[in-house]
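# What follows is a predicted protein model with its sequence.
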Amino acid sequence: MKNLMLLAVIAISIVSCSPATKIEKSWSEPNATLTPSPDNKALIVAMVKDEASRRVIEDEMVKRFNSNAKASYTLLTASDLKDGSEQNLTQKLTAGGFTHVLLMRLADVEKETSYVPGTTTGYYGGYGRYYRYGAGYYSSPGYYQTDKNYFVESTVYSVNPDKLLWTGTTKTVNPGKLTKTVNEIADVVYAKMVKEGFIK
């Protein structure tokens, strides 16, 4: 019985420690790379309505790219983002000497309902032992749970020529604190770019 309870605790621990954010899909232009160098400079643009959230997201992504990136909130106002003028963005990219732009947006939010089966634990030896250990016998009913899945799309373009180089979509289940969630997204996106050889 102790072994069964131990296995249950381990299983719960593994589930609770599993990452909340994962890459769902990604694509990159064959042989395209973004090599950190003085010649390559990326503008990070988080297309979100809340300005405070935008700053957190952009700052965290800039940390991953170090001196080769700049947060767009230093160049583009909230009104600029709302306006969505391609000409204005192009002017800012050209004037700033940017070679790449990383755009991030919340692509979708989905609700997902799943059934969590109940558990039954007890001792199945002879009836005498079963009787003696009966106090340790218990069961918990199954239940339904609803998760919120947030899908964030990150896309990298070269500026000249204006060309799609890399795109990836992350899925975050029941995000909590903004900073923690942003860190997770930034980590998995950057790690995926490195793994695929897009970032050298």
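That came through fine. Numbers count the residues shown, from 1 in each chain.
# Pull out the buried positions in the one helix or strand Ile185 maps to.
Assessed by DSSP states H and E, Ile185 sits inside helix 178-195. If you call a residue buried by 16 or more other CB atoms under 10 Å, then helix 178-195 has these buried ones: 181-186, 188-190, 192-193. (Glycine included, C-beta is placed from N, CA and C.)
# In JSON lines, list the residues you listed along with pLDDT and distance to Pro175.
Converted to JSON lines, the buried residues of helix 178-195 look like this (pLDDT from 0 to 100; distance: CB to CB, whole Å):
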{"residue": "Thr181", "pLDDT": "91", "distance to Pro175": "4"}
{"residue": "Val182", "pLDDT": "90", "distance to Pro175": "9"}
{"residue": "Asn183", "pLDDT": "90", "distance to Pro175": "11"}
{"residue": "Glu184", "pLDDT": "92", "distance to Pro175": "8"}
{"residue": "Ile185", "pLDDT": "92", "distance to Pro175": "9"}
{"residue": "Ala186", "pLDDT": "91", "distance to Pro175": "13"}
{"residue": "Val188", "pLDDT": "94", "distance to Pro175": "13"}
{"residue": "Val189", "pLDDT": "93", "distance to Pro175": "15"}
{"residue": "Tyr190", "pLDDT": "91", "distance to Pro175": "18"}
{"residue": "Lys192", "pLDDT": "94", "distance to Pro175": "18"}
{"residue": "Met193", "pLDDT": "92", "distance to Pro175": "21"}
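# would CSV of those residues with distance to Trp166 be doable?
Listed next are the buried residues of helix 178-195 as CSV, based on distance: CB to CB, whole Å:
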residue, distance to Trp166
Thr181, 21
Val182, 19
Asn183, 20
Glu184, 19
Ile185, 15
Ala186, 15
Val188, 14
Val189, 9
Tyr190, 11
Lys192, 9
Met193, 6
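# returning to that earlier point: export the helix holding Ile185 to CSV, keeping only CA atoms.
In CSV, the C-alpha atoms belonging to helix 178-195 read as follows (Å, rounded to 0.1, in the frame of the first residue of the first chain):
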residue,chain,number,x,y,z
LEU,A,178,2.6,37.8,-16.4
THR,A,179,6.4,37.9,-15.8
LYS,A,180,6.6,34.1,-15.2
THR,A,181,4.5,33.4,-18.4
VAL,A,182,6.5,35.8,-20.5
ASN,A,183,9.8,34.3,-19.3
GLU,A,184,8.5,30.8,-20.2
ILE,A,185,7.5,31.9,-23.7
ALA,A,186,10.7,33.8,-24.3
ASP,A,187,12.8,30.8,-23.1
VAL,A,188,11.0,28.2,-25.3
VAL,A,189,11.0,30.5,-28.4
TYR,A,190,14.7,31.3,-28.1
ALA,A,191,15.6,27.7,-27.3
LYS,A,192,13.7,26.5,-30.4
MET,A,193,15.4,29.1,-32.6
VAL,A,194,18.8,27.9,-31.3
LYS,A,195,17.9,24.2,-31.6
